[in-house]
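A.B. asks: fold the following.
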Amino acid sequence: MALSPIEHQHWHPVAGADEVGPQPVAAVLLAQPLVLWRDTSGAIQAWADQCPHRGARLSLGRVCEGRLTCPYHGWQFDASGQCVQVPALPAFTPPTSHRAQVFAACEQGGLIWVCLDAAGPASGRALPVFEAEADAQLYKLNCGPYEVATSAGRIVENFLDMAHFGFVHEGWLGMRQLPEGVMGQATEIPPYQVETTLQGLRATGCRAWQPRSSVHATAAAQIDYNYEVIAPFTAVLCKVAPAHSVSLPAFRESIALFVCPLTPSSSRVWFRLAVADMTPDAAALRDFQHSIFMQDKPVLESQLPKTLPLAPRAELHTAADKASVAYRRHLSQLGITFGVS
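C.D. replies: Here you go, the predicted model:
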């Protein structure tokens with residue numbers, strides 16, 4: 001059997017867990033149309049959104065008594081994908097070849113994840129683990145989804161990039177001039193370290209001056225960042241602000257970026273926040289993250305090409321781009337071909 005494309009061997013988020021109720025929902029992953037639905041146990045099912053009979057969209061059908069029913073001829077499929085009833089032939093017992101294409105699916109962190117590998121998740125990669133998820137001292141919530149007209153790689157690279165803070169996020173995550181009495185350049189990115197990991201890469205020792213680093217910021221300060229890429233289109237940042245610059249003692253936060261590659265030039269994005277605030281204003285946290293990403297979105301959608309160029313000299317680089325250069329190298333070494341050029 002030929003190996004699946006490397007992208008198919010990884011898990012990707014496709015929908016919020018709360019988006020899929022008792023009836024089928026359409027989704028897309030790596031240009032593959034999907035139908036998502038829940039069986040009688042509440043477990044998520046992810047199938048090709050195409051009836052094997054005449055190709056109708058199964059997402060236009062309905063779920064009855066734990067069976068997904070095609071909207072065209074009413075063929076009924078059980079949770080294994082096997083056709084168990086053909087209404088036009090009540091006495092007919094469908095053979096094992098009469099079945100829908102089923103993909104591996106699961107839930108984690110309030111999202112539905114799918115692996116398209118034909119051999120199943122056993123031959124694929126592990127589900128990305130957001131380490132802050134296990135920290136009981138951190139409050140978690142999701143933001144999104146956002147539909148973005150660019151490739152998944154461009155979005156991850158932007159997440160790793162600090163040099164745009166003072167321009168795209170001026171007055172929020174960046175500033176063009178330092179506070180009075182502070183020496184240096186506000187937009188300067190000091191040297192930082194990048195290392196490869198089993199999952200991707202890690203950037204440490206990152207620092208940036210920010211007037212409003214979080215919803216709890218009270219003063220401009222230099223913020224310490226660490227970044228990690230834990231799957232081709234999943235990344236995490238952790239940041240710590242000096243005590244004098246935030247309203248909560250020992251405040252820290254982690255933010256995970258989860259990107260679903262819809263097509264080579266379009267994506268669906270979620271952020272999962274984990275913050276040291278056990279009496280949170282969830283709306284304020286979401287509003288802050290929304291404001292930041294709405295500053296990023298038009299710039300991301302303006303970039304050409306929309307696919308991420310992996311050739312070393314396709315775009316210009318400087319030392320401030322160390323993390324994004326390492327990310328491009330990582331995708332190239334993995335053999336990623338979807339959404340890159």
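A.B. asks: and Arg154, what does it touch?
C.D. replies: With contacts defined as C-beta atoms under 8 Å, 6 or more residues apart in numbering, Arg154 is in contact with 300, 303, 306-308. C-beta here means a position set from N, CA and C on the backbone, and glycine is covered the same way.
A.B. asks: if I look at it, how far off is Glu301?
C.D. replies: To Glu301, Arg154 is 9 Å away according to C-beta to C-beta, to the nearest Å.
A.B. asks: rounded mean pLDDT for the top helix by length along the chain, please.
C.D. replies: Looking across the chain with DSSP state H, the single longest helix is helix 282-302. Average pLDDT, helix 282-302: 97.
A.B. asks: chain center to it: distance?
C.D. replies: Relative to the centre of its chain, helix 282-302 is centred 15 Å away, using C-alpha atoms, centre = their mean, to the nearest Å.
A.B. asks: next helix or strand past it?
C.D. replies: helix 322-334 (DSSP states H and E).
A.B. asks: dump that following helix to PDB, restricted to CA.
C.D. replies: This file holds the C-alpha atoms of helix 322-334, laid out as PDB (Å, rounded to 0.1, in the frame of the first residue of the first chain):
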ATOM      1  CA  LYS A 322      15.400  32.700  13.100                       C
ATOM      2  CA  ALA A 323      12.300  30.900  14.300                       C
ATOM      3  CA  SER A 324      10.400  31.200  11.000                       C
ATOM      4  CA  VAL A 325      13.400  30.100   9.000                       C
ATOM      5  CA  ALA A 326      13.700  27.000  11.300                       C
ATOM      6  CA  TYR A 327       9.900  26.400  10.800                       C
ATOM      7  CA  ARG A 328      10.200  26.500   7.000                       C
ATOM      8  CA  ARG A 329      13.200  24.100   7.300                       C
ATOM      9  CA  HIS A 330      11.200  21.800   9.500                       C
ATOM     10  CA  LEU A 331       8.200  21.600   7.100                       C
ATOM     11  CA  SER A 332      10.600  20.900   4.200                       C
ATOM     12  CA  GLN A 333      12.400  18.100   6.100                       C
ATOM     13  CA  LEU A 334       9.000  16.600   7.000                       C
END
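A.B. asks: which elements pack onto that helix?
C.D. replies: helix 152-160, strand 193-196, strand 201-210, strand 221-231 (3 or more C-beta pairs under 8 Å, 6 or more residues apart in numbering; DSSP states H and E).
A.B. asks: most packed of those?
C.D. replies: Mean neighbour count (mean count of other C-beta atoms under 10 Å) peaks for helix 152-160 among these, with a mean of 25.
A.B. asks: tell me the residue furthest from the middle of the protein?
C.D. replies: Residue farthest from the centre of the chain, counting by C-alpha atoms, centre = their mean, is Ala91 at 46.1 Å.
A.B. asks: quick check: the two most widely separated of the contacts of Arg154?
C.D. replies: Taking C-beta to C-beta as the measure, the contacts of Arg154 reach their widest spread between Leu300 and Thr307, a distance of 12.6 Å.
A.B. asks: under the pLDDT cut-off, which ranges of the stretch 51-200 of the chain? List them.
C.D. replies: Within the stretch 51-200 of the chain, the ranges that satisfy pLDDT under 70 run 120-124, 181.
A.B. asks: can you map out the strands along it?
C.D. replies: Counting by DSSP state E, counting those that start in this stretch, one finds strands in the stretch 51-200 of the chain at the ranges 62-64, 67-69, 76-77, 83-85, 102-108, 111-115, 139-148, 193-196.
A.B. asks: reformat those strands as TSV; add distance to Arg212.
C.D. replies: Formatted as TSV, the strands of the stretch 51-200 of the chain follow (distance: least, C-beta to C-beta, whole Å):
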stretch	distance to Arg212
strand 62-64	46
strand 67-69	48
strand 76-77	51
strand 83-85	56
strand 102-108	31
strand 111-115	28
strand 139-148	17
strand 193-196	26
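A.B. asks: so which of those strands is nearest Thr263?
C.D. replies: strand 139-148 (11.3 Å).
A.B. asks: buried set for that closest one?
C.D. replies: 139-140, 142-146, 148 (16 or more other C-beta atoms under 10 Å).
A.B. asks: strand partners (parallel or antiparallel) of that strand?
C.D. replies: Strand 139-148 has its sheet partners listed here by DSSP bridges as strand 266-275 (antiparallel).
A.B. asks: and the angle from the strand it pairs with to strand 102-108?
C.D. replies: 30 degrees (axes from the mean of the first three to the mean of the last three C-alpha atoms, to 10 degrees).
A.B. asks: tell me how many other residues crowd Gln289.
C.D. replies: For Gln289, the neighbour count with other C-beta atoms under 10 Å is 19.
A.B. asks: was I right about it contacting Trp270?
C.D. replies: No - proximity of Gln289 to Trp270 does not meet the contact threshold set by C-beta atoms under 8 Å, at 10.3 Å.
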